[in-house]
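Undergrad: can't give you the sequence, but here's the structure:
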Ligand SMILES: O=C(O)C(=O)C[C@H](O)C(=O)CO
Ligand SMILES: [Zn+2]
């Protein structure tokens, strides 16, 4: 488990490229037959990927030791979205089939969570976020059709995209975690522009569905002190509450966003006009 500390905006604006990448970019999310885990002090979100290929993968008791509990989800909730081939997630003996771009919410208290691929030649890739929880809400699978979706933007501003809200209060109750998947239409390159901050929630962006020789320039920083991170396929960016989070690709892409913090109101954003950005 890797630990990232919180970072003040005054510190962040002094950083060079390496420093920004060290603090905000998670370069490796998937590792075959293994899981990755980054523990972030910002709202204590945990970010990672589980990629079972030839064997099942469990997020086990060793994590419990690091978190100071007996097992991973003793005091946490978990949201998972599969971006790979079909897979199975067994939660305390009950098996959920989770296909491509389907999600599973696992409530606090699940003791055993085991991930498997249905076909090793098309392994499942389970991206996850986990947040501290105070009560147990029921486990639930969410398909793309069940997600609450909104298509925004226009071709003339290169930002036509559909936001699929999988784990939000309209779809199911959770303690604080919300997650969704935003797909850009062909020929569209910008996400979340005009951009926003949300003082009341932090956010993590996970970019995928990208060709090897493409990149997303992820925009970050305070609105009048912007920076960028060069992001490649299957990499994630931590976005503190004070930072904008937007991006422009050299080709279309898809990304998963996850938020934790004070409220779960998706539209509770502090919008920033493009003319005000510096
Ligand atoms: O394309 C978008 O716009 C998004 O997906 C925005 C994110 O969901 C977000 O930043 C929510 O606060
Ligand atoms: Zn946001």
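TA: Yes, it's here. Because the structure is a prediction, the values reported are computed rather than measured. Ligands and ions are numbered 1, 2, ... in the order given.

Undergrad: could you measure residue 170 against ligand 1, distance?
TA: Using C-beta to the nearest ligand atom, to the nearest Å, residue 170 is found at 14 Å from ligand 1. C-beta: built from backbone N, CA, C; applies to glycine.

Undergrad: dump the residue contacts of residue 21.
TA: 27, 229 (C-beta atoms under 8 Å, 6 or more residues apart in numbering).

Undergrad: host element of it?
TA: According to DSSP states H and E, residue 21 maps onto helix 17-24.

Undergrad: could you point out which element follows that helix?
TA: Next in sequence after helix 17-24, counting helices and strands by DSSP H and E, comes strand 25-26.

Undergrad: how distant is the helix holding residue 21 from the center of its chain?
TA: 18 Å (C-alpha atoms, centre = their mean, to the nearest Å).

Undergrad: List the buried residues of it.
TA: 20-21, 23-24 (16 or more other C-beta atoms under 10 Å).

Undergrad: what does stretch 64-72 give?
TA: 64, 67, 71-72.

Undergrad: Helices of the protein, residue ranges please.
TA: 9-12, 17-24, 61-67 (DSSP state H).

Undergrad: Please report the distance of the residue lying closest to residue 106 once chain neighbours are set aside from ligand 1.
TA: Leaving aside its sequence neighbours, residue 106 sits nearest to residue 78 (C-beta to C-beta, 6 or more residues apart in numbering; 4.2 Å). When C-beta to the nearest ligand atom is the yardstick, residue 78 and ligand 1 sit 19 Å from each other.

Undergrad: quick one: residue 78 and residue 127 touch, right?
TA: No: proximity of residue 78 to residue 127 does not meet the contact threshold set by C-beta atoms under 8 Å, at 11.4 Å.

Undergrad: what residues does the stretch 1-150 of the chain put near ligand 1?
TA: For the stretch 1-150 of the chain, no residue is in contact with ligand 1 (C-beta under 6 Å from any ligand atom).

Undergrad: Tell me which residue of the stretch 1-150 of the chain lies closest to ligand 1.
TA: residue 150 (9.3 Å; C-beta to the nearest ligand atom).

Undergrad: residues touching the residue lying closest to that residue once chain neighbours are set aside, list them.
TA: Spatial nearest neighbour of residue 150, excluding adjacent residues (C-beta to C-beta, 6+ apart): residue 163 at 5.1 Å. Residue 163 makes contacts with 149-152, 180, 182, as judged by C-beta under 8 Å, 6+ apart.

Undergrad: now swap in residue 259 and tell me
TA: Counting by C-beta under 8 Å, 6+ apart, residue 259 touches 177-179, 198, 201-204.

Undergrad: what sits up against the least confident helix or strand in the chain by mean pLDDT?
TA: Ranked by mean pLDDT, DSSP states H and E, the helix or strand of the chain with the weakest confidence is helix 61-67, at a mean of 86. Residues outside helix 61-67 that contact it (C-beta under 8 Å, 6+ apart): 1, 37, 39, 70-72, 74-76.

Undergrad: 7 Å instead, please
TA: For helix 61-67, the surrounding residues in contact (C-beta atoms under 7 Å, 6 or more residues apart in numbering) are 1, 37, 70-72, 74.

Undergrad: And the residues you listed, which two are furthest apart?
TA: Greatest spatial distance in the contacts of helix 61-67: 37 and 70, 17.1 Å, computed using C-beta to C-beta.

Undergrad: Near ligand 1, which residues of the stretch 151-278 of the chain are found?
TA: Within reach of ligand 1 by C-beta under 6 Å from any ligand atom, the stretch 151-278 of the chain has these residues: 161, 163, 180, 182, 191-192, 198, 203, 245, 257, 269.

Undergrad: Now render the residues you listed as CSV, adding pLDDT.
TA: As requested, these are exported to CSV (pLDDT from 0 to 100):
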residue, pLDDT
161, 98
163, 98
180, 98
182, 98
191, 98
192, 97
198, 97
203, 98
245, 98
257, 98
269, 97
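
Undergrad: among the residues you listed, who's most crowded?
TA: Per-residue neighbour counts (other C-beta atoms under 10 Å) across those peak at residue 191, which has 28 neighbours.

Undergrad: quick one: it and residue 246 touch, right?
TA: Yes: here residue 191 reaches residue 246: they are 6.0 Å apart, a contact under C-beta atoms under 7 Å.
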